[in-house]
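Student: just coords:
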């Protein structure tokens, strides 16, 4: 079967420098900056773990770089949502997930809710 070249999707090849954020630098700043800007309560522990709570208290986020139980499960981010009318749900992100991805997750939630 012959297919016209105009019907085929274009091949997109991003420049290498555009993909550097795909590697985690283990920095929480993108998420902290976003959630701070949204008015979340942010508390740091002496162990450098950070706990964040949404303004209405329905969402908890933990950045857990020094939490042994989190590391045992190979996670560094834990999100727990306590909806008023539904089941609690949890999303965890692994130690190699870039903070920019986690910030994107929250940005998407914020556009669809009162995050």
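Tutor: Perfect, I can see it now. Keep in mind that this is a model prediction, so the values were computed, not measured. Numbers count the residues shown, from 1 in each chain.
Student: hey, let's count contacts and neighbours off CA atoms from now on
Tutor: Fine.
Student: Spatially, what comes nearest to the spatially most central residue of the chain if we skip its sequence neighbours?
Tutor: A centroid search over the chain (C-alpha atoms, centre = their mean) returns residue 102, at 1.3 Å, as the residue closest to the centre. In space, and not counting its chain neighbours, residue 102 is closest to residue 31: 6.7 Å by C-alpha to C-alpha, 6 or more residues apart in numbering.
Student: Wait, that neighbour touches residue 98, no?
Tutor: No. Under the criterion of C-alpha atoms under 8 Å, residue 31 makes no contact with residue 98, lying 10.1 Å away.
Student: Enumerate every residue touching the residue nearest to residue 102.
Tutor: Taking C-alpha atoms under 8 Å, 6 or more residues apart in numbering as the contact definition, residue 31 lies against 99, 100, 102, 103, 106.
Student: Tell me, how many residues neighbour the first one?
Tutor: In other words, residue 99. 26 (other C-alpha atoms under 10 Å).
Student: show me where this structure has strands.
Tutor: Taking DSSP state E to define them, one finds strands in the chain at 41-44, 50-53, 59-63, 75-81, 89-94.
Student: counting contacts, what elements does the longest one pack onto?
Tutor: Of the remaining helices and strands, those touching strand 75-81 by 3 or more C-alpha pairs under 8 Å, 6 or more residues apart in numbering; DSSP states H and E are strand 59-63, strand 89-94.
Student: Can you tell me which of those strands is packed in deepest?
Tutor: strand 59-63 (a mean of 21; mean count of other C-alpha atoms under 10 Å).
Student: pLDDT (mean, whole number) over it?
Tutor: When pLDDT is averaged over strand 59-63, the result is 94.
Student: just checking, what packs against the lowest-mean-pLDDT helix or strand in the chain?
Tutor: Scoring the helices and strands of the chain by mean pLDDT, DSSP states H and E places helix 99-112 at the bottom, with a mean of 85. Under the contact definition 3+ C-alpha pairs under 8 Å, 6+ apart, helix 99-112 sits against helix 29-37.
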